[in-house]
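> pasted the sequence and its predicted model underneath.
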Protein chains: 2
Amino acid sequence: MAEHLGDLQRTHTCGELRPDDVGKSVVVLGWVHRIRDLGGVTFLDIRDRAGISQVVVRENDALMSIAKRLRSEFVVGVSGMVQRRSPDTENAKLATGEVEILARDIRLLNEAKTPPFQIAEDGPVSEDVRLKYRYLDLRRPRLQYNMGLRHRVSIAIRKYFDANGFWEIETPILAKSTPEGARDFLVPSRVHAGEFYALPQSPQIFKQILMIAGMDRYVQITRCFRDEDLRADRQPEFTQIDVEMSFATPDLVYGMVEPLIQELFKEIGPRYKDRAGGYTRVIKQHYRRLGDGGHTAIIELLKEGEQKVRLKERRPAAPAPAPAPTAPAGV
Amino acid sequence: MAEHLGDLQRTHTCGELRPDDVGKSVVVLGWVHRIRDLGGVTFLDIRDRAGISQVVVRENDALMSIAKRLRSEFVVGVSGMVQRRSPDTENAKLATGEVEILARDIRLLNEAKTPPFQIAEDGPVSEDVRLKYRYLDLRRPRLQYNMGLRHRVSIAIRKYFDANGFWEIETPILAKSTPEGARDFLVPSRVHAGEFYALPQSPQIFKQILMIAGMDRYVQITRCFRDEDLRADRQPEFTQIDVEMSFATPDLVYGMVEPLIQELFKEIGPRYKDRAGGYTRVIKQHYRRLGDGGHTAIIELLKEGEQKVRLKERRPAAPAPAPAPTAPAGV
C-alpha cells in the first residue's frame, strides 16, 4: 500500500508555517499525529521534530478515501496550499495554530501498527514498555525536547570554550589503565595475547602530555567508562566535560566555569510557555561559590523545560552571611 | 630553583602584542624558545601556543643574573613594558615582530633538561625519538598547527550542521556487535559472565531507532573501533562524521555535504604565509561529483598548512567532458 517518496521534497517543517505563508504551495513530511473525521471534512495533524501542522481534506473524493485509510503514526507526505484558519478553529497552543494546509495530494509513505501507548501525550507508561518500544517513546514530546536540549547544551559549551581560546582535543579510548577509583573495563588484545587495553575512567591520562606539550587550554566532551554496579545515577559509560588550562589559578578556573553556567542558562535555561505558545525565558543567576558562606547552588529539574535554582545550606551550623552580589567577572 | 606561579596572571598571549600595545604593562607566561646573550643585553624569545614574543633584558643586574641561568624550554613568567623595537631589529617573520617587552621581572617557573631535538625548528627527527618524546614533539610548530587545525575543522563541522537543523546525538559505545566487515573489539561483562560488549565499528547500530523515532536530522563526530592489522591508513580506533537524514534523496545528501566541504575549505583551507607573517587564504572550489565525467577530487596535503586540490581520472578509458561549473546549491 505504501508509496515511495519519489521526487517529493519537503518545503517546510511541520513547525514553521505562519500567516505569512498563506497562499504558498507547500510539502510537509511526517507522522500522522491525530485524525478527526467529521464526515465531509477530515483534519489531520502531521508531526515532525519541529512541530505540528494541521491538514484539512475536503471536497475531494480520492483524497478523502486516502485520508480514511490513515491511522496514527502512519508516515505521509502532504502537498497543499496554506490557508488561514477561520477564527473559531485557531489553536493558540500550536505555533502553527493560525494556519492549515488544504491538501492537494497525500502520499502514504509507510503504515504503522497501533502503538502500545499514546505518542501525542506524555501520560504515564510503564518503564518496561517505554524501553521495549524505545523508538516510539523517543517520539513523545518530552523526549524530543530532551534530545534537542542535549544538542543545544553541547553546542553552547563548544562555542563558549572555542570563544575562550580552548581547542577541543580528542584523546584515545583504547589505552592504558588510569588510576581512578573504579574497576576498568578491559579489552583483550588480539595481537598481544594475554594483554589488555583499558577503557578510560576519565580522559585525564593524556592531560599531562598535552599540557606539557604547550596546548595551553583544551576541552573535551568525552566518554568515560567505569565498571561499577548500576545505581540510579550510575551507568557503565557517561560523558564528561574535561577542561584543562595551563598556568591556572583557582580564580581563573572559577572565572571560566561560572560564566559558562550562566551562558548555558541563557541558552537553554528555564522556559515557560506563554499564552501564545511561545516561550519566555527566565534566567536565574543567583548562585554562590561553594565555601562562600556555606551555600551551594542546587539545580532542580522540576518538569519538562522548567528548572528552578535554589540555594541550599551546606553547613547548617555556620552563620550565613548576607548574600553577596554575584556576577563573576565575564571572560 | 623554580618559583611558584603565585598571583602572576597572564595579561596577553605571546602571539598578540602589537604596536598599539606600546607602553602597556604586560605579563606573558611560556617557554624560553631562543636566547641571545649579547653581553650587556640579553634577548629572550618566549613562546606559547599563540606565538612568540621577544623579551629584552638590560641594565638590571638582578634580572641579568636570572636571564643567564635560563636555557631553552625553561618555563617562565615575564612582567614588563611593551616597547617599539628599533627599525633595524624588527622581525617581519613574527606577528609580534614590531614590538618587544622590556623585562621588569622574570619568574623561573620550571627548569628543563636539554631537549633531544630542536623545538624551534621542524627539522628531521627520527620517528622513534619523536614518539618517545611526544610531549616535546607536540611543541613543534607543525604539530601545534595540526592540533589547532583539527579543532577548527571540528567546530566548523558542528556549526555547519547545527545551522542546518541537525542535532548532535551521542550513541553508546558499549553495545551489541554491528555487522560490519572487520573484527570487533570485545569487552567482557563482569556482571554477565561469559558475555561481551562489542565496541562499535560504526555508530550506525542506533541509526534505525533514532530515525524511526523521528529525530529527522542528526550528526555525530564519533569514535569507531575495528580490530584490524595496522597499516599506514588504519589504526584500532578512528573518528567518523556520521550524518543521518530522514526523507533523504541523493540530491539532498549532495546538497548538504558539498557545501560543507566548501565551508571547511573557506574556514581551514590552504594558507600561505605572506610577507607580514599573516596568512592569505587560497580557496579552490573546483570539484565534481563522483560519476560526473569520471573524475574525483583528490585533496593532497603538500606540507604544513598548504593543500592542493587536483582532479584525477577515475576511469582513464572514459572520454573526459569539459569541466562543468560547480557551485552546488547552498543550503
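Arrived safely.
> how many neighbours does the closest residue to A:Q9 other than its chain neighbours have?
Excluding the flanking residues, the one nearest A:Q9 by C-beta to C-beta, 6 or more residues apart in numbering or on different chains is A:V27, at 6.3 Å. All C-beta spots, glycine's among them, are computed from the backbone N, C-alpha and C. When neighbours are defined as other C-beta atoms under 10 Å in any protein chain shown, A:V27 has 18 of them.
> do the same with A:K132
A:K132: 12 neighbours (other C-beta under 10 Å).
> need the pLDDT of it.
Looking at A:K132, its pLDDT stands at 96.
> next one: phi and psi at it?
phi -60, psi -40 (degrees, to the nearest 10).
> re the thing from before, which residues does the residue nearest to A:Q9 contact?
A:V27 makes contact with A:8-12, A:77-79 under the criterion C-beta atoms under 8 Å, 6 or more residues apart in numbering or on different chains.
> likewise A:V129?
So A:V129 contacts A:116-117 (C-beta under 8 Å, 6+ apart).
> list phi and psi for it.
Dihedral angles for A:V129 - degrees, to the nearest 10 - are phi -70, psi -40.
> and it, what pLDDT?
95.
> re earlier: can I get the contacts of A:V27 in a markdown table including secondary structure and neighbour count?
Formatted as a markdown table, these follow (DSSP: H, G, I helix; E, B strand; the rest coil; neighbours: other C-beta atoms under 10 Å in any protein chain shown):
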| residue | secondary structure | neighbour count |
| --- | --- | --- |
| A:L8 | coil | 18 |
| A:Q9 | coil | 13 |
| A:R10 | coil | 18 |
| A:T11 | coil | 15 |
| A:H12 | coil | 20 |
| A:G77 | strand | 21 |
| A:V78 | strand | 24 |
| A:S79 | strand | 17 |
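> A:D242 belongs to a helix?
No - secondary structure of A:D242 (DSSP: H, G, I helix; E, B strand; the rest coil): strand, not part of a helix.
> which non-adjacent residue is nearest it?
Per C-beta to C-beta, 6+ apart, closest to A:D242 is A:Q220, 4.5 Å.
> identify the residues contacting that neighbour.
Here A:Q220 is in contact with A:168-171, A:203, A:240-242 (C-beta under 8 Å, 6+ apart).
> what secondary structure does it sit in?
Per three-state DSSP, A:Q220 ends up strand.
> and the gap between it and B:R223?
12 Å (C-beta to C-beta, to the nearest Å).
> circling back: confirm the residue nearest to A:Q9 sits in a strand?
Yes - assessed with three-state DSSP, A:V27 lies in a strand.
> in PyMOL, select just the buried ones from the contacts of A:Q220.
A single PyMOL command selects the buried members of those (16 or more other C-beta atoms under 10 Å in any protein chain shown):
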select buried, chain A and resi 168+169+170+171+203+242
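> which helix or which strand is home to A:P259?
For A:P259, the host element (DSSP states H and E) is helix A:250-268.
> for that helix, list every residue counted as buried.
Buried residues in helix A:250-268 (16+ other C-beta under 10 Å): A:256, A:258-263, A:265, A:267-268.
> dump those residues to JSON lines, plus distance to chain B and pLDDT.
What follows is the buried residues of helix A:250-268, written out as JSON lines (distance: C-beta to the nearest C-beta, whole Å; pLDDT from 0 to 100):
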{"residue": "A:M256", "distance to chain B": "13", "pLDDT": "92"}
{"residue": "A:E258", "distance to chain B": "17", "pLDDT": "80"}
{"residue": "A:P259", "distance to chain B": "17", "pLDDT": "83"}
{"residue": "A:L260", "distance to chain B": "16", "pLDDT": "87"}
{"residue": "A:I261", "distance to chain B": "20", "pLDDT": "81"}
{"residue": "A:Q262", "distance to chain B": "21", "pLDDT": "74"}
{"residue": "A:E263", "distance to chain B": "16", "pLDDT": "79"}
{"residue": "A:F265", "distance to chain B": "19", "pLDDT": "71"}
{"residue": "A:E267", "distance to chain B": "12", "pLDDT": "67"}
{"residue": "A:I268", "distance to chain B": "13", "pLDDT": "65"}
